[in-house]
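Engineer: just coords:
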């Protein structure tokens, strides 16, 4: 919810003010009742139903700067949308101004230097399809429908992180509009303090309007899933823990406990081998494919974009979602048994538990090197409740109860892109020793907490006032 003080400070803008704003935009300005408004306020999570006062659908960084300036002038609370895939719906704000980047989708590729410059409105799938024809790609998240901007700013865990690190470990530069409406180039040599903060600090420090990525030669990957019945969950999950924890950098394996059509409650072990020698990958994946009595085995050489789209049908746009999440360092048998019990208690066939293994190159970057601090090997686990009809109370309760059941086993700190409404203490835990440095940079670049509709790092002045 918005801070009451922010609403009370809002100034009244006139039709003439809006006309001036609209005239200066390359994009469009949408208001309630206007054609296109309802479509523009729809997010991936159908459970989010908010009504912004204004939506600025930006086409350029100048549009973004103009929207920021307008919002500051009239004390309007602001949210920022890129992909709109965050479960909490942080992209959309009641009664405020939404700065919508979803139309900003330009990509330019320099194949000789292996660099791509991309705008934040791209989905991960759109970005990969743009760079893949050059035989190049970089770390992305796990689903093609996720937004590139948000995935990057939170850190970016994904299929290639074992070999190439997080998404942020492959960022060379940002273009960003600050809370003061200034457009800055940010890199290791220009505004280096902000470059550090943007790599994992989320949307706290400005609106990123372009990102420059280092690409890597990646041909076909050996990928797909092996599916087991949940009736064998204890054996399968112990195997998964042991197999994934011993995986080399080139191999990342996730597990998903879900209900599948024609199969029922199942465990999907999803693998991606991104090494150059696919024959070596076949040998490496042989134990995974031969364990137990798998019901389905889809592992084969495929384009990275095909792997990225693998989970998309399980989480379509417009379905209702509510997530809780936690981290496990190295789950023991008791933790796995508790996790299985959570899976067996699901209240909807659209609900899943998704286990991401963070390892390899992503864990060898010093924790103080970027704002993202969770550099140890661990499993990031999401209780993803999904439902089609009703208020979802039972399904939300399942997600909360599953989180509570797993708390005795959980480790400190959670990936901010998986966070819900845990609050300030959880944000501090996510950034650990980096938190105070982030507060100092928030004081410098956003002292009034203009960008606050996020996993918020409060400036010192607000923290001291207890806001």
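Structural biologist: Looks like it arrived, so ask away. Everything quoted here is computed from the prediction, not taken from an experiment. Residues are numbered from 1 along each chain as shown.
Engineer: in this structure residue 132 contacts residue 305, no?
Structural biologist: Yes: counting by C-beta atoms under 8 Å, residue 132 touches residue 305, with 5.6 Å between them. All C-beta spots, glycine's among them, are computed from the backbone N, C-alpha and C.
Engineer: ok, now which ones touch residue 137?
Structural biologist: Counting by C-beta atoms under 8 Å, 6 or more residues apart in numbering, residue 137 touches 128, 131, 160, 215, 216, 218, 304.
Engineer: just for the stretch 1-150 of the chain, where's the confidence low?
Structural biologist: Scanning the stretch 1-150 of the chain for pLDDT under 70 picks out 1-10.
Engineer: now the strands for it?
Structural biologist: 28-30, 54-57, 78-81, 97-100, 107-110, 115-118, 136-137 (DSSP state E, counting those that start in this stretch).
Engineer: now stretch 11-27: buried residues?
Structural biologist: 13, 21, 25, 27 (16 or more other C-beta atoms under 10 Å).
Engineer: export the residues you listed to TSV and tack on distance to residue 238?
Structural biologist: What follows is the buried residues of stretch 11-27, written out as TSV (distance: C-beta to C-beta, whole Å):
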residue	distance to residue 238
13	60
21	59
25	56
27	52
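Engineer: quick one: which of the residues you listed sit in helices?
Structural biologist: residue 21 (DSSP state H).
Engineer: for residue 152, pull up the helix or strand it's in.
Structural biologist: Using DSSP states H and E, residue 152 falls within helix 148-154.
Engineer: apologies, that question was intended for residue 285.
Structural biologist: Applying DSSP H and E, one finds residue 285 within helix 278-290.
Engineer: same question for that helix: list its buried residues.
Structural biologist: 278, 281, 284, 285, 288.
Engineer: again with stretch 79-99
Structural biologist: Residues 79-93, 96-99 are the ones in stretch 79-99 that count as buried (16+ other C-beta under 10 Å).
Engineer: ok, back up a step: let me know the closest of the buried residues of helix 278-290 to residue 300.
Structural biologist: residue 278 (9.8 Å; C-beta to C-beta).
Engineer: ok, and the closest non-adjacent residue to that closest one?
Structural biologist: Nearest residue to residue 278 in three dimensions, chain neighbours excluded: residue 222, at 5.1 Å (C-beta to C-beta, 6 or more residues apart in numbering).
Engineer: care to break this protein down by domain?
Structural biologist: Residue ranges for each domain of the chain read 4-100, 107-217, 221-418, as given by automatic domain parsing.
Engineer: from those domains, which stretch is densest packed?
Structural biologist: Comparing those by mean neighbour count (mean count of other C-beta atoms under 10 Å), domain 107-217 comes out on top with a mean of 22.
Engineer: starting at the chain centroid, how far to it?
Structural biologist: 12 Å (C-alpha atoms, centre = their mean, to the nearest Å).
Engineer: so how far does that domain reach from one end to the other?
Structural biologist: With C-alpha to C-alpha, to the nearest Å as the measure, the ends of domain 107-217 fall 18 Å from one another.
Engineer: one more: stretch 88-99?
Structural biologist: Stretch 88-99 end-to-end distance (C-alpha to C-alpha) = 17 Å.
Engineer: can you give the distance of it from its chain's centre?
Structural biologist: Going by C-alpha atoms, centre = their mean, where stretch 88-99 is centred and where its chain is centred differ by 17 Å.
Engineer: work out which residue lies at the spatial centre of the protein.
Structural biologist: The C-alpha lying nearest the average C-alpha coordinate of the chain belongs to residue 151 (C-alpha atoms, centre = their mean; 3.8 Å).
Engineer: distance of that one relative to residue 86?
Structural biologist: 10 Å (C-beta to C-beta, to the nearest Å).
Engineer: for residue 65, same thing?
Structural biologist: From residue 65 to residue 86 the distance is 23 Å (C-beta to C-beta).
Engineer: what do you get for residue 136?
Structural biologist: For residue 136 relative to residue 86 (C-beta to C-beta), the value is 28 Å.
Engineer: with residue 40 instead?
Structural biologist: Taken as C-beta to C-beta, the span from residue 40 to residue 86 is 16 Å.
Engineer: ok, now residue 441?
Structural biologist: 22 Å.
Engineer: about what we covered before: and the helix holding residue 285, what other elements does it pack with?
Structural biologist: strand 221-229, strand 251-260, strand 264-273 (3 or more C-beta pairs under 8 Å, 6 or more residues apart in numbering; DSSP states H and E).
Engineer: again, only using 10 Å
Structural biologist: Other helices and strands packing on helix 278-290, by 3 or more C-beta pairs under 10 Å, 6 or more residues apart in numbering; DSSP states H and E, are strand 221-229, helix 233-245, strand 251-260, strand 264-273, strand 296-297, strand 300-302.
Engineer: and that helix, how far from the chain's centre?
Structural biologist: With C-alpha atoms, centre = their mean, you get 30 Å for helix 278-290.
Engineer: list the contacts of that helix.
Structural biologist: 219-226, 239-240, 242-244, 246-248, 250-251, 253, 269, 271-275, 277, 294, 297, 299-301 (C-beta atoms under 10 Å, 6 or more residues apart in numbering).
Engineer: list the contacts of the closest residue in space to residue 25 that isn't next to it in sequence.
Structural biologist: In space, and not counting its chain neighbours, residue 25 is closest to residue 63: 5.2 Å by C-beta to C-beta, 6+ apart. Residues in contact with residue 63 (C-beta under 10 Å, 6+ apart) are 21, 24-29, 56-57, 99-101, 103-104, 177, 209.
Engineer: ok, residue 282 to residue 288 distance?
Structural biologist: Where residue 288 is concerned, residue 282 sits at a distance of 11 Å (C-beta to C-beta).
Engineer: also residue 364?
Structural biologist: Plainly put, residue 364 is 24 Å away from residue 288 if you go by C-beta to C-beta.
Engineer: residue 413 now?
Structural biologist: 29 Å.
Engineer: okay, and the beta partners of residue 176?
Structural biologist: Counting by DSSP bridges, residue 176 is bridged to residue 184, residue 208.
Engineer: so it makes contact with residue 210?
Structural biologist: Yes: contact criterion C-beta atoms under 10 Å: residue 176 and residue 210 qualify, at 8.6 Å.
Engineer: what touches both of those two?
Structural biologist: By C-beta under 10 Å, 6+ apart, the residues touching both residue 176 and residue 210 are 61, 185.
Engineer: which ones are touching the residue nearest to residue 417 when sequence neighbours are not counted?
Structural biologist: Spatial nearest neighbour of residue 417, chain neighbours left out: residue 154 (3.5 Å); criterion: C-beta to C-beta, 6+ apart. By C-beta under 10 Å, 6+ apart, the contact set of residue 154 is 86, 141, 166-168, 199-203, 371-372, 415-419, 430, 454-455.
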